[in-house]
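Undergrad: I'd like to go over a predicted model; first the sequence, then the structure.
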Amino acid sequence: MMQLQNFIGGQLVAPAAGRYLPLVEPATGQVFAQVPDSDAADVDAAVQAAEVALPAWRALPAEERGRLLVRLAELIEQNLDRLARAESQDNGKPLSLARTLDIPRAASNFAFFGTAAQHFSSEAHVQEGVAVNYTVRHPLGVVACISPWNLPLYLFTWKIAPALAAGCCVVAKPSEVTPYTAFLLSGLAQEAGLPAGVLNIVHGTGPGAGQALIEHPGIRAISFTGGTRTGQHIARSAAPQFKKLSLELGGKNPNLVFADCDLTEAVRTSIRSSFANQGQICLCGSRIFVERPVYEQFKAEFLAQVQALTVGDPLLETTRQGALVSEAHLQKVLSYIDLAHQEGGRLLTGGHRVQVPGRCADGFFLEPTVFEGLAPDCRVNQEEIFGPVVTLTPFDTEEEALHWANGTDYGLSATIWTRDLTRAHRVAHQLHAGVVWVNTWLHRDLRTPFGGMKNSGVGREGGLEALRFFTEPQNVCVKL
Ligand SMILES: NC(=O)C1=CN([C@@H]2O[C@H](COP(=O)(O)OP(=O)(O)OC[C@H]3O[C@@H](n4cnc5c(N)ncnc54)[C@H](O)[C@@H]3O)[C@@H](O)[C@H]2O)C=CC1
Ligand SMILES: O=C(O)/C=C/C=C(\O)C(=O)O
């Protein structure tokens, strides 16, 4: 059986204690590989390797660091098919999605930050003729990047690329549930000629390798994407050592459909924003609020398209809904479907586990599910389900829509559907969300600040924000 390995000091190495965890293919329910169950000794070896590599890496001109990152981007593109298959096997997502979204974005992350570092300059000003102040941005040092299972290589590289571009050395831990493409990235980093120790990848669980990483005194900053509860835990652990934190956490995002919108486009995109990656994207719009005059029409068109989504083997081109990431996660999502019934919701479609014939008979499949009739403040409309389950709710006024949209502890993203641009701006400015899309969804531009308000996170990644995060500003004041 395939055994993944850690990547430490430029070498693929077994975990010190020799322990491994089984890796399950969500579409089949079968173990297909083993992943290191690393511990504090492995993390320490990785941090030491990063510390050794740091002086030379930070001293390298940004252009040369960038060249290596761009080379890595090219290698990801050249290995698109292999990486997409690995991502689909590991995560359960449709191969077509991995091929068109996950892996191309991983390449873009390296290409973008490889060049962005060359456009990152610091500020200076003259203080009324008496002094010149300028800012030096020092790389923070050795940093930790911890990523989740839903967009494995996409989010792993979203953190690693800016850290490396800024001159930091990295110890990264992918999710133990989906580590396969991070392992393949180790080989590509070697092939790209990344100096040994600049990027280290340690596999293992959250409480094991993850906890050792966030507690390690050699780590100066932690960039984390995952569940809000884990984010709270990391913040508590990191605070006594004053580690810099960037936390991208959960969402319960509203999708506001006004009566004057292009309804065909709103329905089409809402299908994607509800069910892309089986609803396992923190940006998915799980609460759909529709202005009453078009509610029934939206509902009818939306349900027709939901029912046409093919749930099945992720390898088939016709599949639109693959498997959920694990049996445990499927059970969590099913428990919210039970809760929706208890809370008085009317099931409009879906709601059941799917038995896919053939090789996927034991996979973790679920019908895309839609409820209506749930109060905006019920648990199903307040808690992050992170699966293919959405609710429909009619609204009568803009104020009511805004009140409900903002009425959760989360504040990650929101979508507005309207042809009235004045309304679009007015509503956008009042939404408590770090990212607002108007007449679109998951329209990404890597230059923009990305992150959430309230319980959806702390800090922003993307563009110059990410390079600022991974550097420490120092003011130098020269008397004239
Ligand atoms: N907002 C988002 O992007 C994501 C949200 N979630 C939400 O979180 C829920 C739980 O999913 P999980 O897989 O358990 O996510 P998680 O937050 O536990 O895992 C994310 C990453 O954090 C690591 N981790 C966990 N505990 C840690 C610790 N003590 N120290 C350091 N690293 C640690 C994990 O190993 C993984 O690499 C999901 O059901 C979903 O609702 C999950 C994944 C992504
Ligand atoms: O940066 C993006 O484009 C998407 C980010 C998505 C997440 O952070 C998530 O789903 O966890």
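TA: In hand now; what should we look at? Computed from a predicted structure; not experimentally measured. Residues are numbered from 1 along each chain as shown. Ligands and ions are numbered 1, 2, ... in the order given.

Undergrad: the stretch 1-150 of the chain against ligand 1: which residues are in contact?
TA: For the stretch 1-150 of the chain, the residues in contact with ligand 1 (CB under 6 Å from any ligand atom) are I146, S147, P148, W149, N150. All C-beta spots, glycine's among them, are computed from the backbone N, C-alpha and C.

Undergrad: please disregard the earlier target; I meant the stretch 151-300 of the chain.
TA: So the stretch 151-300 of the chain meets ligand 1 at 173, 175-176, 205-207, 210-211, 214, 225-227, 230, 233-234, 249-250, 282 (CB under 6 Å from any ligand atom).

Undergrad: please redo it, this time with the cut-off set to 8 Å
TA: 151, 155, 173-177, 204-207, 209-211, 213-214, 224-231, 233-234, 237, 248-251, 280-282 (CB under 8 Å from any ligand atom).

Undergrad: among those, which lie within helices?
TA: When DSSP state H defines the helices, the subset of these inside them is L155, Q211, L213, I214, T228, R229, T230, G231, H233, I234, S237.

Undergrad: could you measure from the fifth one over to V325?
TA: Shown here: T228 relative to V325, a distance of 18 Å by CB to CB, to the nearest Å.

Undergrad: follow-up on the earlier one: now the buried members of the residues of the stretch 151-300 of the chain next to ligand 1.
TA: For these, a neighbour count by 16 or more other CB atoms under 10 Å gives the buried set as 151, 155, 173-177, 204-206, 209-211, 213-214, 224-228, 230-231, 233-234, 248-251, 280-282.

Undergrad: overlap between the residues you listed and the residues near ligand 2?
TA: L151, L155, T225, G226, E248, G251, Q280, I281, C282.

Undergrad: was I right to think T205 contacts P15?
TA: No - judged on CB atoms under 8 Å, T205 makes no contact with P15 at a distance of 11.6 Å.

Undergrad: give me the buried positions along the helix ranked longest in the chain.
TA: Longest helix of the chain, by residue count under DSSP H: helix 40-59. Residues of helix 40-59 classed as buried: 40, 42-50, 53-54, 57-58 (neighbour count, 16+ other CB under 10 Å).

Undergrad: excluding its backbone neighbours, what's nearest R359?
TA: Closest residue to R359 apart from its sequence neighbours, by CB to CB, 6 or more residues apart in numbering: T28 at 5.8 Å.

Undergrad: next, that neighbour: phi, psi?
TA: phi -120, psi -20 (degrees, to the nearest 10).

Undergrad: show the contacting residues for it.
TA: Residues counted as contacts of T28 (CB atoms under 8 Å, 6 or more residues apart in numbering) are R359, C360, D362, G363.

Undergrad: may I see the PyMOL selection of the buried members of those residues?
TA: With 16+ other CB under 10 Å as the criterion, this PyMOL line picks the buried residues out of these:
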select buried, resi 360+363
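
Undergrad: export the contacts of T28 to JSON lines and append columns for secondary structure.
TA: Converted to JSON lines, the contacts of T28 look like this (DSSP: H, G, I helix; E, B strand; the rest coil):
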{"residue": "R359", "secondary structure": "helix"}
{"residue": "C360", "secondary structure": "helix"}
{"residue": "D362", "secondary structure": "coil"}
{"residue": "G363", "secondary structure": "coil"}
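
Undergrad: ok, how many other residues are close to L431?
TA: 22 (other CB atoms under 10 Å).

Undergrad: for the remainder of this discussion, apply numbering that starts at 685.
TA: All set: I'll call the first residue 685, so the last point we hit is now L1115.

Undergrad: separation between the residue nearest to it when sequence neighbours are not counted and ligand 1?
TA: Residue nearest to L1115 in three dimensions, not counting chain neighbours: A1098, with 4.7 Å by CB to CB, 6+ apart. Between A1098 and ligand 1 the computed distance is 15 Å (CB to the nearest ligand atom, to the nearest Å).

Undergrad: in what helix or strand does A1098 lie?
TA: Per DSSP states H and E, A1098 falls inside strand 1097-1101.

Undergrad: and what of L868?
TA: Taking DSSP H and E as the criterion, L868 maps to helix 864-876.

Undergrad: residue numbers of the chain in contact with ligand 2?
TA: Close to ligand 2, as judged by CB under 8 Å from any ligand atom, the chain has residues 789, 832, 834-835, 838-839, 842, 909-910, 932, 935, 961, 964-968, 1126, 1128, 1134, 1145-1146.

Undergrad: circling back: which residues are in contact with the longest helix of the chain?
TA: 690, 692-694, 699-701, 720, 749, 822-823, 825-826, 848, 851-855, 879-882, 884-886, 888, 893, 896-897, 900, 902-903.

Undergrad: and these, which of them are buried?
TA: Buried among the contacts of helix 724-743 by 16+ other CB under 10 Å: 690, 692-694, 699-700, 720, 749, 823, 825-826, 848, 851-855, 880-882, 884-886, 888, 893, 896-897, 900, 902-903.

Undergrad: would you map out the domains in the protein?
TA: 686-933+1140-1163, 938-1135 (automatic domain parsing).

Undergrad: span of the last one from start to end?
TA: Counting by CA to CA, to the nearest Å, you get 16 Å between the two ends of domain 938-1135.

Undergrad: average model confidence for that domain?
TA: Domain 938-1135 shows a mean pLDDT of 98.

Undergrad: residue in the stretch 985-1134 of the chain with the shortest distance to ligand 1?
TA: Closest residue of the stretch 985-1134 of the chain to ligand 1, CB to the nearest ligand atom: F1070 (3.5 Å).

Undergrad: which residues does that residue contact?
TA: Neighbours of F1070 in contact, by CB under 8 Å, 6+ apart: N834, G934, G963, Q964, C966, H1013, K1016, V1017.

Undergrad: can you tell me how far the third one is from L1050?
TA: Spatial separation of G963 from L1050 under the definition CB to CB is 9 Å.

Undergrad: shared neighbours of the two, which are they?
TA: Shared contacts of G963 and L1050 (CB under 8 Å, 6+ apart): G1071, P1072.

Undergrad: circling back to that earlier point, show me which pair in the buried residues of helix 724-743 is furthest apart.
TA: A724 and R742 (25.8 Å; CB to CB).

Undergrad: ok, how many other residues are close to the residue nearest to L1115?
TA: 27.

Undergrad: over to Y864?
TA: 25.

Undergrad: touching, L759 and A876? I think so.
TA: Yes - L759 is within contact range of A876, at 5.7 Å (criterion: CB under 8 Å).

Undergrad: how much space between the spatially closest residue to Q1158 that is not a sequence neighbour and T1003?
TA: Nearest in space to Q1158, with sequence neighbours left out and distances taken as CB to CB, 6+ apart, is V820 at 4.6 Å. Separation of V820 from T1003 (CB to CB) stands at 51 Å.
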